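**Q** this one's structure only:
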């Protein structure tokens, strides 16, 4: 038999094949006589058998030295010692004994709780979580009491707190607090939502849709995808991307709606915003309520700056503040005040302020005051009390109880004045009335115009009854013929056309005539310097009489 070289023996030995052989005869030829040298505690013997010599290698004893352990003591964090004969060592956390159970879990042997327990979910753990359980894959409950996550709560974490729970959710996180719940937050395909819901802390907060966040507070709810509740009490964000920063009993039920703070505010329209206050409600698209109390918007694009009990039901309406103001018409504005109203027929109208003012016409304006009414298109009331503008493009600047009753009429001020016909003007005074077109009363008391194009500049109880009359002033003067005039005085009557009265208690009885009580001529030309025009009056120097050139 061929001799096996030394390097092949080494390879067989390292490969484990050498020790499986019965005899070295199979490896060494009879003509090969190696020399074996025994080391310490090694004995070599050789027995001749019919098939040849067998070599045996055995140990003659153990190593040097020996001894016996008599006692094992336990230090900080260990329990079970001292051990003098036999016993079991265990980990102790605050007096609670920790050990391995039959399933290989490192858990409490002396009560509830665990230090880094390997739970039932794949790669899931909880540590110092008394009475809790973690069943979801790659989930953790790090501390606290009775915190739990179920088998569908994958990659979720409860950092601490008491009786917090994550179910049917992916990548959920509860930082702490008590009785907080995340459920139903599985991954939803698409760009708008994922799992990853978070509750930082607080009490009895609840998330039921993915991508949502509750910062803290108590009894808050996030019930739709990607909603946020920062904190507060009993707030509910129930629509896509809705946000409630804080406050109490707030509801954000419109998509992308926001409530910053306050109490019992409701943002039910999409893209709505409520800054604060109490009992405010934004119901329609792109509404804004900055603050205040009991304000309500029920039309698109409405804005309430503040105040209380203000209401907008017309689109694109704005109420800056005040109380109990109402907009029914579209694209209208109330700056402030109390109980002002823009009616449903009043598009693009404005009430700047005041109390109980009403606009009914398109593009109408009331600057302020109280109990003013702008009835028609493009009417304006600057202020005052109980003024009524009924004609299109009519204006009442102020005063009390004034009325415009036709188009393009104006009452500048005063009391109880009424401009009832087109293009008429009453500048002021009291109880004056125009009932004819293009007529004017500058002032005075109880003056009346019935003739077109007539003018009364002042006085009292004067009447211009026909066309193009003029009364300069006085009292109880009347013009009852066209183109008649009374300069002043009292109780005069111009009853003939083109007649004029200067004086007192005169009645004209001839047309184209001027009537006076007495006439005093201080200077007049005589025959030497007159112009000799037919009809001219001159003084005769010879007898000092008045004469007329024929």
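**A** Looks like it arrived, so ask away. Fair warning: this is a prediction, and the values are worked out from it, not measured in the lab.

**Q** Wait, residue 344 touches residue 326, no?
**A** No - counting by Cβ atoms under 8 Å, residue 344 stays clear of residue 326, with 10.3 Å between them. C-betas here are computed from N, CA, C, even on glycine.

**Q** Which one's more surrounded, those two?
**A** residue 326 (20 against 13; other Cβ atoms under 10 Å).

**Q** From residue 381, how far out is the more buried one?
**A** Residue 326 sits 18 Å away from residue 381, going by Cβ to Cβ, to the nearest Å.

**Q** Ok, residue 437 next?
**A** Taking Cβ to Cβ, one finds residue 437 at 22 Å from residue 381.

**Q** who's more crowded, those two?
**A** In this view residue 437 and residue 381 are compared by other Cβ under 10 Å, and residue 381 has more residues nearby, 30 against 19.

**Q** for the more buried one, what are its contacts?
**A** 357, 365-367, 369, 372-374, 387, 389, 395-396 (Cβ atoms under 8 Å, 6 or more residues apart in numbering).

**Q** redo that, cut-off 10 Å
**A** Neighbouring residues of residue 381 by Cβ atoms under 10 Å, 6 or more residues apart in numbering: 351, 354, 357, 359, 364-369, 372-374, 387-389, 394-399, 402, 404, 411.

**Q** now do residue 290
**A** Here residue 290 is in contact with 260, 273-277, 280, 303-307, 320-321 (Cβ under 10 Å, 6+ apart).

**Q** next one: residue 311
**A** Neighbours of residue 311 in contact, by Cβ under 10 Å, 6+ apart: 281, 294-299, 302, 304, 317, 319, 324-328, 341.

**Q** Of those, which belong to helices?
**A** Judged by DSSP state H, helices contain none of those.

**Q** just to revisit the earlier point, list the residues that contact both of residue 344 and residue 326?
**A** Common neighbours of residue 344 and residue 326 (Cβ under 10 Å, 6+ apart) are 313-314.

**Q** so where's this structure uncertain?
**A** Confidence mapping of the chain against pLDDT under 70 gives the ranges 1-69, 76-77, 89-132, 136, 186-195.

**Q** can I see the domain layout of it?
**A** Split into domains by automatic domain parsing, the chain comes to 6-57, 441-516, 520-550.

**Q** so how far is the longest one from its chain's centroid?
**A** Here domain 441-516 is found 65 Å from its chain centre; the criterion is Cα atoms, centre = their mean, to the nearest Å.

**Q** Could I get the full set of helices for this protein?
**A** 6-14.

**Q** Find the residue at the geometric middle of it.
**A** With the centre of the chain defined as its mean C-alpha position, the nearest residue by Cα atoms, centre = their mean is residue 273, 1.6 Å away.

**Q** residues touching it, list them.
**A** Residue 273 touches 243, 252, 254, 256-260, 267, 282, 286-290, 303, counting by Cβ under 10 Å, 6+ apart.

**Q** what's the answer for residue 440, then?
**A** Taking Cβ under 10 Å, 6+ apart, one finds 410, 419, 423-427, 434, 449, 453-457, 464 in contact with residue 440.

**Q** again, 7 Å this time
**A** 424-425, 455 (Cβ atoms under 7 Å, 6 or more residues apart in numbering).
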